[in-house]
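Trainee: the sequence isn't on hand, but the structure is:
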């Protein structure tokens, strides 16, 4: 009976921490792999939004965020929008790269939901808090 060599699946290679790649040549040169995609969100104006991506692969990992295809000025794995405005709505993606390749995340949509209030506002229940 002939034995076939054990092959490590690509997804497992991408999920191996960078320090392990020095232990065996088969574990070297892992391109980025997205473990957790950023999620779409629906928020009211004035909220804070955080998009997060989790990736594995050989270090260093570089992150570049995009909104509607336009580059955003951040290079972290977390994108924060501190105060959501109407123009904050759109489709967000992130490209993660290292010396062995790159991967683009799925689209995460940010929808801005208008706030509605009714009644007399006698107790300030529809007033927006001030900073």
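Mentor: Sure thing, it's come through. No experiment lies behind these values; they were computed from the predicted model shown. Residues are numbered from 1 along each chain as shown.

Trainee: quick one: the strands in the chain, in order.
Mentor: For the chain, applying DSSP state E gives strands covering 33-36, 41-44, 49-52, 54-56, 62-67, 70-71, 78-81, 90-98, 101-104, 108-113.

Trainee: now render the ones you listed as TSV, adding mean neighbour count and distance to residue 120.
Mentor: Glycine gets a C-beta too; all of them are placed from N, C-alpha and C. Formatted as TSV, the strands of the chain follow (neighbours: other Cβ atoms under 10 Å; distance: least, Cβ to Cβ, whole Å):
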stretch	mean neighbour count	distance to residue 120
strand 33-36	15	45
strand 41-44	14	21
strand 49-52	16	32
strand 54-56	18	47
strand 62-67	18	39
strand 70-71	9	44
strand 78-81	16	33
strand 90-98	19	36
strand 101-104	15	50
strand 108-113	16	24
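
Trainee: where does the prediction get shaky in this protein?
Mentor: Where the chain drops to pLDDT under 70, the residues are 1-28, 116-119, 125-131.

Trainee: residue closest to the middle of the protein?
Mentor: Of all residues in the chain, the one closest to the mean position by Cα atoms, centre = their mean is residue 53, 3.0 Å from it.

Trainee: for that residue, what are phi and psi?
Mentor: The phi/psi pair for residue 53 (degrees, to the nearest 10) reads phi -130, psi 140.

Trainee: how far away is it from residue 86?
Mentor: 25 Å (Cβ to Cβ, to the nearest Å).

Trainee: do residue 54 as well
Mentor: 29 Å.

Trainee: go on, residue 78?
Mentor: Distance, residue 78 to residue 86, using Cβ to Cβ: 23 Å.
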